[in-house]
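Chemist: Need the 3D shape of this:
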Amino acid sequence: MHRKIKEATAVRLRGKRRRDAGMVTSEYAMGIIAAVGFALLLYEVVTSGQVRTELQDIVKKALSARM
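Modeler: As a prediction, this is how the structure comes out:
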């Protein structure tokens with residue numbers, strides 16, 4: 001009798017864990033909005049004048065290095 005109760009409880013608990021394992025559509029949407037916002041911010045930083053100049057200097061140094 002105890003074994004059947006334990007098995008039934010285990011099955012019930014596994015079912016509850018499965019239902020709450022993923023994100024819902026609204027959470028996906030919020031995640032996408034946050035990712036796009038972060039990408040736009042990163043793009044603005046990388047394409048700003050000072051950062052662009054620094055990156056170009058790094059690339060020039062790397063290409064002109066002697067082996």
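Chemist: what's downstream of the strand or helix carrying residue 42, the next helix or strand?
Modeler: Residue 42 belongs to helix 25-46 when assigned by DSSP states H and E. Going down the chain from helix 25-46, the next helix or strand is helix 49-64, by DSSP H and E.
Chemist: Give me the contact list for that next one.
Modeler: Contact partners of helix 49-64, identified using Cβ atoms under 8 Å, 6 or more residues apart in numbering, comprise 45, 46. C-betas here are computed from N, CA, C, even on glycine.
Chemist: What mean pLDDT does it get?
Modeler: Taken as a whole, helix 49-64 carries a mean pLDDT of 90.
Chemist: now that helix and helix 25-46, what's the angle there?
Modeler: 70 degrees (axes from the mean of the first three to the mean of the last three Cα atoms, to 10 degrees).
Chemist: Export only the CA atoms of helix 49-64, formatted as CSV.
Modeler: Extracted as CSV, the C-alpha positions of helix 49-64 are listed here (Å, rounded to 0.1, in the frame of the first residue of the first chain):
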residue,chain,number,x,y,z
GLY,A,49,33.6,58.0,-32.7
GLN,A,50,36.0,57.3,-29.9
VAL,A,51,35.4,53.5,-29.8
ARG,A,52,35.5,53.3,-33.6
THR,A,53,38.9,55.1,-33.6
GLU,A,54,40.3,52.8,-30.9
LEU,A,55,39.1,49.7,-32.8
GLN,A,56,40.7,50.9,-36.0
ASP,A,57,44.0,51.6,-34.2
ILE,A,58,44.0,48.1,-32.8
VAL,A,59,43.3,46.6,-36.2
LYS,A,60,46.1,48.7,-37.8
LYS,A,61,48.6,47.7,-35.2
ALA,A,62,47.7,44.0,-35.6
LEU,A,63,48.0,44.2,-39.4
SER,A,64,51.3,46.1,-39.4
